[in-house]
Each structure stands twice: as structure tokens, then as C-alpha cells.
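Visitor: Could you look at this predicted model? Sequence included:
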Amino acid sequence: MLLSLMIFVPLLGMIVVLLLPRESEELIKRVTLLFTLIPLVLAVYLFISYVRSAETQFDVNINWIETFNIKYHVGIDGLSVTLLLLTALLGPICVLASWRNIEKGIKAYMALFLLLETGMLGFFAALDLFLFFVFFELTLLPMYFLIGVWGGPRREYAAIKFFLYTLFGSVLMLVALIAVYLKSGDPGARTFDIPTLIELASTPGHALADRNFQIWVFLGFFIGFAVKVPIFPFHTWLPDAHVEAPTAISVILAGVLLKMGTYGLVRINMDMFPEGMAYFTNGKDLMGNSLAILGFVNIVYGSFCALAQTDFKKLVAYSSIGHMGFVILGLAAGNEMGLTGAILQMFNHGVISAMLFLLVGVLYDRAHHREINGFGGLGNRMPVYTGITTLAFMASLGLPGLSGFIGEAFSLVGAFDRFPLLTILSTIGIVVGAAYFLWTLQRVFLGTLNPKYEELPEINGREILTLVPLGILVIVLGIWPDFAIDMFSESVVNLSTKISGILGPQAGL
């Protein structure tokens, strides 16, 4: 029951926090930190104990709503174990990042954050489609309030926009989910069990294996997940949400919530609806190249938008859109190299983007603005902060030896085998990415120190504590990517075999 304990310990922590006196702010913070550290310890244990295979482990499968054959079914495999570790790691880091930054409603903020963590952990572990959707929706409400109450000047607008976009995607997902359930069998034999549905969808002659049906439900789930990633043109909520959200919530948004979208594409769209996936990635026509085209658009559009920004946080937000495009391009390839790069990039981007948003928060707390052109020469005043930021920048732009390189490289190599022209054009995003990060580094840290910031304090111990674990992962995964790849390699082989068996040796744009 360790997996269930990991999922619901934060929920228990929320109850404990709500029972504490509102005035005991330090106690509330410490209790919240404790109830985020416990899932981290459990996640590390599960990660170490996980036996490398494509099979689910640490399963719990019990009846929940028997009338409709809905079960509480959770478990982990190579696709989910790394993302569970990432989620659990960012929990205590975000609590520490909020320690001095959140000044009002500490009790409500911490309670909502713990509820959000339960939703995220449950989503990556769920093996029942109904439970999967419940956890997916559970993240929506706390995130809405965390942005709308504790965000910046336009927080209500950003929160409502986030809520409406996500709700739109969720409605389409719900329709597709119901359709899958009704097609899964005769009344009394219908199921929401994800492993069972995956098996039925690959059984010749079964209603779930029908190609036209898979194409339509693929679209329903795809739009729901595309809003989360986000994929162009469903991306416009992301920059507003990031700019207005508190630092810790931006970290969770980029580090985990965006990965919920790409994880859903792998777990549901690819594994459950391979015929639908093949239709949009077969390379024969415009529709057959559509997913790869969307990945290309994300890369180039996000990169050029980031280049045009003068707000530090908005630059990082648009860079996330660009980098998630590499994940989409790798998934569109459908081969072993592309899928390995895409899944690895999910984890790597979560770590790097978390670092970047934490670093933006450090500067904003001191200068009270994020205008890139308003700084200058900070490397003279804050050398430690400058060094850590440089590491994060180099990782994000894909410097070999750091984690951002290997995932993007594998995605591009895999995609080149299927979509050579789109892959070549997508490398524009790498060049532009290097341009906006190096230009930002020059404007903020190099040159003569701006006299306004002669007394700006250096990064402190608590802030360094939030960044060091992420920095270590950036270096370790850049040098030793097998640390993560070994966990999901067998799952990738199974997925690529399934997709390749439908596609055959097709070439795309």
C-alpha cells in the first residue's frame, strides 16, 4: 500500500493543516513541509525498488463503484515512476520557495497546495480511466485558487482563462471516456480498467479496435491533453498563468502540470488508440503529418515568442512551449529513439523549468520587477546566483553534458527517420533558444552593474537548498541518462513495436 500512502499523505496533511490555528503560520509551514517530504521518501523508495520491466508494479486494485465496474486501481510502470519522483521532489521544494513569499492566507494556501499534490500523484499512478479523470480534474480547482488568490495584479483574468481552457479540454475528454466505456463490452461487462482497455483496443474484431472509432476518441482525448501541454493553438493561457502565478505555483505548473498532458498522450492516446495515433502520424498526407507539424509549430513559435519578451518570467514561459514541442515531435515519430527522447525530455524539462522559475522568483523578490532590460551587471553583485542561473540556461538551451541536450537530441534523431524536413526546420528552435538565453544572460548579468542594485543581496541558503537538488539532476542526467532511460526502456520498446506494426516503413515530411 506504499503507493496509495504516497498519494494520500498530502491529503491527510491538508486535513491536519485545516485543523491548525490560523495564527500559527510557522507551524503550518513546517507541517506542510513534513507532509510533502513523506511522499518524496516513498517515491525514492519506489523508484529504487522498481524492477525494470514494462509490467505494472505496486498494484492496488479494489472495487470502488461496483455498479459501473469502477475500481480504485493504481500502480506504476516505467512511464510513470520517473514522473512520480519528479512530482514528489518538487513538492517540498515549492513549500520552501513559498516560505517567505506568501504573506496572506498561509493556511488556505498550504492546504490547497497539499490537495494539488494528491491530484498530481494520483494522476500518474491511476490505472482506472474514471479514476484517471477524477485525479486530472482534482488538480483544476486548487490551481485556480492558487493563481486567482495569491497571484499578481491580473490574477483573476489568468485564473479564469486557465480554468476555462482546461475545462473545455476536460469536457471533450469526458465524452471520449464515456464512449470508450460504452464500447468496452456488453452491459455488465463494461470496464474503465486501463490495462484491460489497452488489451481490448488491440484485439482484432473488438469494437474498441475499430479504426474510425479510435480516430474520433483519439481526438477527444488529444484536445484535452493538448490544452495541458500546451500545444498550439491551445497555448494562450500558459504565459498569463505563469506571469501571474506565485513562484512556487509556476514551478508546479511547468514542472508537473504540463507533463500531465504529454503523459496522457502516451498512456491513453498512443497505448490505447494506436490506430488513431497512426492516422495522425502515418506521413502520407497532411493529416498523417499533423502531429509532427504541431510539434514543429510549438518549437519555432514558442522560441521566437520567447526571443521577443522583455519580462523574464514570460520568456521562460514561452520557452516551455518551445521545449514541449520536442516532446510532441518525438512522440509523433513513434519509434524507439523518438519515444525515448520524448519521455526523457518530459522529466528533464520538468527539472530545468522548475530551476528557471525558481531563479526568476529569487530576482523578483529582491528587485520587485522582472524587466530584463532593467538589470545589468548582476554577476558582479550576485556571483553565486549568476553561476546557478548560467547552469540552468545552458541546460535549457541544450548544451551537451547537461540534461536538456540528450532528450532533445533523441527526439530529433527519432523524428528525422520519419519527418526529415520538419526535423531540419525544427532545429531553428535550438538556434533561437540559444539566442534568447545568451542575450538574457548578457543583459541581466554582464557589463557594468546598474547603480540601483548595488545593495542587492546574494541568493540565500534556503533558496540554494531549493535549487541544489535540481542542479544535481541536471548534471547527472546529462552525463548518465540511463539513470532514467533504464526505467522506461521496455515500455518504450512495446509502444514503438505497436505503433511501427501499424505504420510500417512510412516516411513523412
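Guide: Perfect, I can see it now.
Visitor: so how far is stretch 170-184 from its chain's centroid?
Guide: Here stretch 170-184 is found 23 Å from its chain centre; the criterion is CA atoms, centre = their mean, to the nearest Å.
Visitor: Quick one: the strands in the stretch 1-150 of the chain, in order.
Guide: If you assign secondary structure with DSSP state E, counting those that start in this stretch, the strands in the stretch 1-150 of the chain sit at 57-65, 70-76.
Visitor: on contacts alone, who are the packing partners of the shortest one?
Guide: Using 3 or more CB pairs under 8 Å, 6 or more residues apart in numbering; DSSP states H and E as the contact definition, the elements that strand 70-76 packs against are helix 2-19, strand 57-65, helix 106-125, helix 129-138. (Glycine included, C-beta is placed from N, CA and C.)
Visitor: for the ones you listed, which one ends up most surrounded?
Guide: Here the criterion is mean neighbour count by mean count of other CB atoms under 10 Å, and of these the winner is helix 106-125, at a mean of 25.
Visitor: follow-up on the earlier one: including distance to V316, could the strands of the stretch 1-150 of the chain go into a markdown table?
Guide: Formatted as a markdown table, the strands of the stretch 1-150 of the chain follow (distance: least, CB to CB, whole Å):
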| stretch | distance to V316 |
| --- | --- |
| strand 57-65 | 35 |
| strand 70-76 | 30 |
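Visitor: In TSV, list those along with mean pLDDT and distance to V384.
Guide: TSV is the format used below for the strands of the stretch 1-150 of the chain (pLDDT from 0 to 100; distance: least, CB to CB, whole Å):
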stretch	mean pLDDT	distance to V384
strand 57-65	90	40
strand 70-76	92	37
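Visitor: Please identify which of the ones you listed is closest to W237.
Guide: strand 70-76 (29.1 Å; CB to CB).
Visitor: Which one, of the strands of the stretch 1-150 of the chain, ends up nearest to L129?
Guide: Nearest to L129 among the strands of the stretch 1-150 of the chain is strand 70-76 (8.9 Å), distances taken as CB to CB.
Visitor: Tell me what angle that closest one forms with helix 106-125.
Guide: Here the directions of strand 70-76 and helix 106-125 differ by 80 degrees (axes from the mean of the first three to the mean of the last three CA atoms, to 10 degrees).
Visitor: Mind listing residues that contact strand 70-76?
Guide: Outside of strand 70-76, the residues that reach it under the criterion CB atoms under 8 Å, 6 or more residues apart in numbering are 3-4, 7, 46, 50, 56-64, 84, 122, 124-128, 130-131, 192-194.
Visitor: now swap in stretch 132-139 and tell me
Guide: Stretch 132-139 is contacted from outside by 115-116, 118-120, 122-123, 126, 170, 173-174, 177, 194, 257, 260, 264, 267-268, using CB under 8 Å, 6+ apart.
Visitor: can you check stretch 162-180 too?
Guide: Contact partners of stretch 162-180, identified using CB under 8 Å, 6+ apart, comprise 129-130, 133, 136-137, 140, 143-144, 147, 192, 197, 208, 213, 216-217, 219-221, 223-228, 230, 234, 236-237, 240-241, 272.
Visitor: Going by residue numbers, what spans are helices in the stretch 151-300 of the chain?
Guide: 155-183, 194-201, 211-228, 237-244, 247-252, 258-264, 271-272, 274-279, 290-307 (DSSP state H, counting those that start in this stretch).
Visitor: For the longest one, buried residues please.
Guide: This means helix 155-183. By neighbour count, with 16 or more other CB atoms under 10 Å as the criterion, the buried positions of helix 155-183 are 155, 158-159, 161-163, 165-166, 169-170, 172-173, 176-177, 180-181, 183.
Visitor: That helix vs strand 70-76, what angle?
Guide: 110 degrees.
Visitor: now the angle between helix 129-138 and helix 155-183, please.
Guide: 170 degrees.
Visitor: now the third one
Guide: Interaxial angle of helix 211-228 relative to helix 129-138 (the same axes, to 10 degrees): 20 degrees.
Visitor: Equivalent analysis for the second one, please.
Guide: Taking the same axes, to 10 degrees, helix 194-201 and helix 129-138 form an angle of 120 degrees between their directions.
Visitor: distance between helix 194-201 and the chain's centre?
Guide: So, by CA atoms, centre = their mean, the centroid of helix 194-201 is 25 Å from its chain's centroid.
Visitor: Could you name the helices and strands sitting against the longest helix seen in the chain?
Guide: When the chain is parsed with DSSP state H, its longest helix is helix 336-367. Packing contacts for helix 336-367, counted by 3+ CB pairs under 8 Å, 6+ apart, involve helix 78-97, helix 247-252, helix 258-264, helix 312-333, helix 383-396, helix 403-416, helix 461-479, helix 482-503.
Visitor: closest to A108 out of the ones you listed?
Guide: Going through the helices and strands packed on helix 336-367 one by one, with CB to CB as the measure, helix 247-252 comes closest at 13.5 Å.
Visitor: Comparing the helices of the stretch 151-300 of the chain, which comes out most buried?
Guide: Mean neighbour count, computed with mean count of other CB under 10 Å, is highest for helix 247-252 among these, reaching a mean of 27.
Visitor: number of nearby residues for the closest residue to M394 other than its chain neighbours?
Guide: Once its chain neighbours are removed from consideration, M394 has its nearest residue in L402; the separation is 5.8 Å (CB to CB, 6 or more residues apart in numbering). Taking other CB atoms under 10 Å as the criterion, the count of residues near L402 is 24.
Visitor: and the gap between L402 and V300?
Guide: Taken as CB to CB, to the nearest Å, the spacing of L402 relative to V300 amounts to 23 Å.
Visitor: And I7, by the same measure?
Guide: When CB to CB is applied, the distance between I7 and V300 equals 38 Å.
Visitor: same question, L84
Guide: Distance, L84 to V300, by CB to CB: 32 Å.
Visitor: Q309 now?
Guide: Counting by CB to CB, the gap from Q309 to V300 is 16 Å.
Visitor: now V9
Guide: When distance is defined by CB to CB, V9 is 42 Å away from V300.
Visitor: before we move on, back to that, mind checking the helices and strands packed on strand 70-76 for the one nearest to I249?
Guide: Once these are compared by CB to CB, helix 106-125 is nearest, at 8.2 Å.
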